[in-house]
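Asks: Sequence below, structure please.
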Amino acid sequence: MMGIKEWDNVKYLVRHGYAIASIDYRFSMEARFPAQIQDCNAALNFIAAHATDYGINPRRFAVAGGSAGGHLALLLGLARTERDFGADPSIKPLAILDFSAPRI
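Replies: Sure thing, here's the model as predicted:
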């Protein structure tokens, strides 16, 4: 329904050579599921398509998120064959970091 994108370790990771992309997605009050994962996949597809422009290795990346973002990170990493989600199965994260995603 809402989100906050504050993470203290971003500067640390950038100083150690990591590239960070913080993506936006529509919240549930604005659009019904699966709009959120479609937005995330659109961002991931864009980043992968333009990785060399940004000096990023498109084969070496991780997805991460906290709370609802953790749930979306899990979907980004594990639902790579879900065409309804806008997933491109050729894009495969090396790691998924789930920081307190909702538990079912």
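
Asks: So for the lengthiest helix in the chain, mean pLDDT?
Replies: Longest helix in the chain by number of residues, with DSSP state H as the criterion: helix 35-49. The predicted model gives helix 35-49 an average pLDDT of 96.

Asks: buried sites along that helix?
Replies: By neighbour count with 16 or more other Cβ atoms under 10 Å, helix 35-49 contains the buried residues 36-41, 43-44, 47-48. C-beta here means a position set from N, CA and C on the backbone, and glycine is covered the same way.

Asks: any chance of those in CSV, with distance to Phe61 too?
Replies: Below are the buried residues of helix 35-49 laid out as CSV (distance: Cβ to Cβ, whole Å):
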residue, distance to Phe61
Gln36, 20
Ile37, 17
Gln38, 19
Asp39, 18
Cys40, 13
Asn41, 14
Ala43, 12
Leu44, 9
Ile47, 8
Ala48, 8
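
Asks: what about stretch 12-26, how long is it end to end?
Replies: Start-to-end span of stretch 12-26 (Cα to Cα, to the nearest Å) is 28 Å.

Asks: Stretch 63-70 now?
Replies: Stretch 63-70 end-to-end distance (Cα to Cα) = 9 Å.
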